[in-house]
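**Student:** fold the stuff below for me.
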Amino acid sequence: MVILLAALSGFLLNTSFEPIGIWWSAPLAIALLLIALESRSLAWRITSLFVFGLTFFGPLLHWSSTYVGAIPWIFLTILESTFFIPLAFISRIRSWRVFLFPSGWLALEVLRSRFPFGGFGWGRLAFSQPDAPYAPLAALGGASLLSFIVALLGVLLYLVIRREKTKSLLAVALVLTLLSSTLLIQKTERLPTFFVVAIQGGVPTLGLDFNSRATAVFNNHLIATENYLRTSAKRPDLILWPENSVDVDPFHNAAVGQELQNLVDKYQIPILMGAVLNKNEYFENASILWVPETGATSQYIKQHLTPFGEYIPLRTLAEFVSPYAKNVTDFRPGDETVMHRVGSASIAPIICYELIDDQLGREMAAQSNLLVVQTNSATFGLSAESAQQLAITRIRAIEHQREVVSVATSGISAVIDMRGRVIQRTAQDRAEVLAQDLSLNAKRSIADSLGAWMEWTLVLLPLLFWFIVSTMNRRRRIR
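**Tutor:** Model prediction:
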């Protein structure tokens, strides 16, 4: 029965994420998991948490098997599920130690967001909450505070179910205190605007070989841009193309470079594009600003590469597990953040997988007044990956208090305001154009100012609280 309850809570937590997206099922799932963890046996708690992880991550990450088969998906699911096991050592869950659970959960989220291979933060509680009424808390403490709140709400529900009146009142007080802190969120005054047109040009075919036909993806975006500019009455400040939209190196392919220059010269509008640069022995995933008369003026090379996608760790083992690993030529990461500057806009480019890197996001936001996410979802077909990435982007918009344009080759492109609301979006795998005036906000959010200190505080303060309560209880027993 305990194992079944743990499995049910894992499935329930999955429903809080896209494509279902029922935000309130996350704290409910946590409450059910806590009931399952009441067993006094450590072995039962470990087993329950591992089963919980499998039933949560299995459906959530199924998109990872879209074109490479089930084995990598199974390995990833098992690896991520093991990160829940240390929660089993918070014993006597019905004692005051229950208040260690949110900080323990957060500590493990932070750990798996950094380890191994640079981390994989997909499935953090915060990323299921863009529609929650308390989502604005991300502007105060980032994704970490939002995850902590969800886990704390789960603890509160658990205490209510178990009729623990004293502890329930304490939990209510903690929740209300944190929720009331949304009043500290800065109010943005009227801001200057910047008109961006984002092009989702599509790919010839979905799959790992989406750009196997030279210049096919480039031509799709070139034609879509020409069609828009010929018929548009309003001149944009910037044309935005997604990751891999230029599917050959524009510095090596003279014809592609010339077509780009002709386009920007003809309309006198810069293009911010994603391109793969061929350095012979390796590749670079680049965001390049191409301007009239001059050509490429600023270039950002993706720093946080996708393990097993853009480079292969443990290559011998990876090639044994999946034959697709042999076809991957390693990319080389960049080593600095670069802002693209167009008029009054300082634009931070975030390339796909970098969206889940907390520290990189803070560095980008600190130097910018507008965020762009350039991504490519062709390798995940029509799966839920793109919708889940959009939810993460919405949380980042709140956290950094920046408006965001997320543009994909074939997934879901969207314009998101500082409250995490989707202003415009495309359908999945459909060539479309988004056009929007965006507010330029250069003020740092409280979350970005606090940085990693918020994580440390949320992890360590509950430990201090538990230590004080335990010490007081011991003294009472001695008396």
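**Student:** show me the shaky parts of this protein.
**Tutor:** Within the chain, the ranges that satisfy pLDDT under 70 run 91-96, 165-168, 170, 174, 177-188, 204-214, 315-327, 465-479.
**Student:** show me where it has strands.
**Tutor:** Applying DSSP state E to the chain gives strands spanning 193-200, 238-240, 271-278, 283-291, 295-301, 340-342, 345-351, 370-375, 404-408, 414-416, 422-425, 432-439.
**Student:** what's the closest of the ones you listed to Val217?
**Tutor:** Closest of the strands of the chain to Val217 is strand 271-278, at 10.0 Å (criterion: C-beta to C-beta). To be clear about C-beta, it is placed using only N, CA and C from the backbone, and glycine gets the same treatment.
**Student:** relative orientation of that closest one and strand 370-375 in degrees?
**Tutor:** Between strand 271-278 and strand 370-375, the angle comes out at 40 degrees (axes from the mean of the first three to the mean of the last three C-alpha atoms, to 10 degrees).
**Student:** what's the neighbour count on the nearest residue to Ser383 once chain neighbours are set aside?
**Tutor:** Nearest non-adjacent residue to Ser383, counting by C-beta to C-beta, 6 or more residues apart in numbering: Trp63, 3.5 Å away. Applying other C-beta atoms under 10 Å, we find 21 residues neighbouring Trp63.
**Student:** show me the contacts for Trp63.
**Tutor:** 380-381, 383-385, 388 (C-beta atoms under 8 Å, 6 or more residues apart in numbering).
**Student:** again with Ile20
**Tutor:** Contact analysis of Ile20 by C-beta under 8 Å, 6+ apart lists Asn14.
**Student:** how much space between it and Val98?
**Tutor:** Distance, Ile20 to Val98, by C-beta to C-beta, to the nearest Å: 28 Å.
**Student:** likewise for Arg124?
**Tutor:** Arg124 sits 21 Å away from Val98, taking C-beta to C-beta as the criterion.
**Student:** thinking again about what came up before, can you list the contacts of Trp63 in CSV and add distance to Ile71 and neighbour count?
**Tutor:** Shown next, in CSV, are the contacts of Trp63 (distance: C-beta to C-beta, whole Å; neighbours: other C-beta atoms under 10 Å):
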residue, distance to Ile71, neighbour count
Phe380, 17, 22
Gly381, 18, 18
Ser383, 17, 21
Ala384, 20, 19
Glu385, 18, 23
Gln388, 21, 23
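**Student:** rebuild those as CSV, extending it with distance to Leu13.
**Tutor:** Converted to CSV, the contacts of Trp63 look like this (distance: C-beta to C-beta, whole Å):
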residue, distance to Leu13
Phe380, 21
Gly381, 24
Ser383, 19
Ala384, 15
Glu385, 18
Gln388, 14
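**Student:** in helices only, show me the residues you listed.
**Tutor:** Taking DSSP state H, the ones among the contacts of Trp63 that sit in helices are 385, 388.
**Student:** most widely separated two among the contacts of Trp63?
**Tutor:** Greatest spatial distance among the contacts of Trp63 (C-beta to C-beta): Gly381 and Gln388, at 13.7 Å.
**Student:** hmm, back to that, tell me the most buried of the strands of the chain?
**Tutor:** Burial of these is given as mean neighbour count (mean count of other C-beta atoms under 10 Å); strand 404-408 ranks first at a mean of 29.
**Student:** elements contacting it?
**Tutor:** With contacts taken as 3 or more C-beta pairs under 8 Å, 6 or more residues apart in numbering; DSSP states H and E, strand 404-408 sits against strand 193-200, strand 370-375, helix 385-400, strand 414-416, strand 432-439.
**Student:** how close does the residue lying closest to Tyr300 once chain neighbours are set aside get to Ala348?
**Tutor:** Spatial nearest neighbour of Tyr300, excluding adjacent residues (C-beta to C-beta, 6+ apart): Val338 at 3.9 Å. According to C-beta to C-beta, Val338 and Ala348 sit 9 Å apart.
**Student:** swap in Ile416?
**Tutor:** Between Ile416 and Ala348 the distance is 14 Å, computed by C-beta to C-beta.
**Student:** swap in His340?
**Tutor:** Relative to Ala348, His340 is positioned 8 Å away (C-beta to C-beta).
**Student:** how much space separates the closest residue to Cys352 other than its chain neighbours from Trp105?
**Tutor:** Distances taken as C-beta to C-beta, 6+ apart place Thr375 nearest to Cys352, at 4.2 Å, with adjacent residues excluded. From Thr375 across to Trp105, the span is 28 Å (C-beta to C-beta).
**Student:** please apply the same query to Ile199.
**Tutor:** Taking C-beta to C-beta as the measure, Ile199 falls 40 Å from Trp105.
**Student:** please apply the same query to Ala171.
**Tutor:** Where Trp105 is concerned, Ala171 sits at a distance of 15 Å (C-beta to C-beta).
**Student:** who's more crowded, the two?
**Tutor:** More crowded of Ala171 and Trp105, by other C-beta under 10 Å: Trp105, with 26 against 23.
**Student:** what is the burial count for Gly257?
**Tutor:** 18.
**Student:** just give the closest residue to it, not the sequence neighbours.
**Tutor:** Nearest to Gly257 is Pro250, by C-beta to C-beta, 6+ apart, at 4.4 Å.
**Student:** pull the contacting residues for that neighbour.
**Tutor:** Counted by C-beta under 8 Å, 6+ apart, Pro250 has contacts 256-257, 260, 275, 288, 290, 296.
**Student:** quick check, nearest of these to Met1?
**Tutor:** Ala275 (55.3 Å).
**Student:** please name the residues that touch the closest one.
**Tutor:** Contacts for Ala275 were tallied using C-beta under 8 Å, 6+ apart; they are 244-247, 249-250, 286, 288.
**Student:** which residues does it bridge with?
**Tutor:** Beta-bridge pairing of Ala275 under DSSP bridges involves Val246, Ala286.
**Student:** Thr393 and Asp437, how far apart?
**Tutor:** For Thr393 relative to Asp437 (C-beta to C-beta), the value is 19 Å.
**Student:** now Ala275
**Tutor:** Remark: distance between Ala275 and Asp437 (C-beta to C-beta) = 27 Å.
**Student:** is His387 in contact with Ser128, as I believe?
**Tutor:** Residue 387: Ala, not His. No. Contact criterion C-beta atoms under 8 Å: Ala387 and Ser128 do not qualify, at 11.8 Å.
**Student:** who has more neighbours, those two?
**Tutor:** Per other C-beta under 10 Å, whichever of Ala387 and Ser128 has more neighbours is Ser128, with 31 against 19.
**Student:** next one: the closest residue to that one other than its chain neighbours from Ser449, what distance?
**Tutor:** Distances taken as C-beta to C-beta, 6+ apart put Ser16 closest to Ser128, at 3.9 Å, once the chain neighbours are dropped. Noted for Ser16: a distance of 29 Å to Ser449, by C-beta to C-beta.
**Student:** more neighbours: these two, which one.
**Tutor:** It is Ser16, of Ser16 and Ser449, that has more neighbours when counted by other C-beta under 10 Å, with 26 against 13.
**Student:** who's in contact with the more buried one?
**Tutor:** Ser16 makes contact with 22-26, 29, 128-129, according to C-beta under 8 Å, 6+ apart.
**Student:** again, only this time at 6 Å
**Tutor:** Going by C-beta atoms under 6 Å, 6 or more residues apart in numbering, Ser16 touches 22-23, 25-26, 128.
**Student:** can I get these in a markdown table with distance to Ala135?
**Tutor:** Formatted as a markdown table, the contacts of Ser16 follow (distance: C-beta to C-beta, whole Å):
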| residue | distance to Ala135 |
| --- | --- |
| Ile22 | 14 |
| Trp23 | 8 |
| Ser25 | 15 |
| Ala26 | 12 |
| Ser128 | 10 |
